Each structure stands twice: as C-alpha cells, then as structure tokens.
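# Sequence first, then the predicted structure, then my questions.
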Amino acid sequence: MGIINTIQERIAISLPTNSLRKRFALGAFWSIVGSVISQALTLLASIITARILGKSIFSDLGMIVSTVGMFGVFAVLGPGLTAIKHVAEFHTKDTARAGRIIGLSSIIS
C-alpha cells in the first residue's frame, strides 16, 4: 500500500486544500484503484473457475455469460431511451404525464 499512500500525498501536496480539483483528483484516484482491484479479483475468480470446471465447460460458461450480458445491455437500453424521449416530449406540455412516465420508469428499472 506504499504506492497508494505516495500518490495520495502527491495529490494532497500539489493541489490546494478543499479545492474542487483536489476532491475530483482523489475521487478519480480511488475510482481507478477500485476498478483495478475489481478487475484483478475477477481475473483470479476466472482462473480458479477455469481450473475447477475444465476447458470445455468453462468455454460453455463463457458463452452463456456473454449472451446474458448482451441481453442485459439491450434490456437496459430500451426502457431508458424510451423514458428520456417521452419525458423530454411531455415535460412542458403535460407535466402530470411526464411524472407518471418517470414513476413507471423508476418502478421498471
């Protein structure tokens, strides 16, 4: 954890105290650290799973996971775009209808 402390100290020294840039830099730093740790743990879990299941079954699992992920992207994309379109259309004409669309979108998501 020495490198993490070193980077944090350099950010703290180079940017003014309580500045928006400092908060943004520290937030971005921790976001990157979290992403790296997440990716490393995912890689480790994949290696362990591949060792347990073997090549053939692991490749089948990979195909299932990628297919489910693709359907997930399409499932999220459709209702979100539809809600944005209708709220943009009705936010001045019919605010009650826009509110109902927002409520329904919240329930669905």
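Yep, it's here. All of these numbers come straight from a predicted model, not from anything done at the bench. Numbers count the residues shown, from 1 in each chain.

# Please make it C-alpha for all contacts and neighbour counts, starting now.
OK.

# Now do the same for the residue of the chain lying at maximal distance from its centre: its pLDDT.
Distance from the C-alpha centroid of the chain peaks at Lys93, with 33.7 Å (CA atoms, centre = their mean). Confidence at Lys93, expressed as pLDDT, is 88.

# Can you mark which positions in stretch 43-53 are buried?
Judged by neighbour count (16 or more other CA atoms under 10 Å), stretch 43-53 contains these buried residues: Ala50.

# just stretch 101-109 next, same as before
Ile101, Ile102.

# Just the CA atoms of it, as CSV, please.
Taking Å, rounded to 0.1, in the frame of the first residue of the first chain, the C-alpha atoms of stretch 101-109 are listed here in CSV:
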residue,chain,number,x,y,z
ILE,A,101,-43.6,8.2,-17.0
ILE,A,102,-40.8,8.9,-14.6
GLY,A,103,-42.6,6.9,-11.9
LEU,A,104,-43.2,4.0,-14.2
SER,A,105,-39.5,4.1,-15.4
SER,A,106,-38.4,4.0,-11.7
ILE,A,107,-40.5,1.0,-11.0
ILE,A,108,-39.4,-0.9,-14.1
SER,A,109,-35.7,-0.2,-13.5
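
# Show me what the host helix or strand of Gly99 is packed up against.
Here Gly99 sits within helix 95-108, counting by DSSP states H and E. Here helix 95-108 touches helix 55-90, going by 3 or more CA pairs under 8 Å, 6 or more residues apart in numbering; DSSP states H and E.

# Show me which positions of the helix it packs on end up buried.
Phe58, Ala83, Val87.

# Just list what the least confident helix or strand in the chain by mean pLDDT packs against, helices and strands only.
Lowest on mean pLDDT, DSSP states H and E among the helices and strands of the chain sits helix 2-14, with a mean of 78. Packed against helix 2-14 by the contact rule (3+ CA pairs under 8 Å, 6+ apart) you find helix 20-53.
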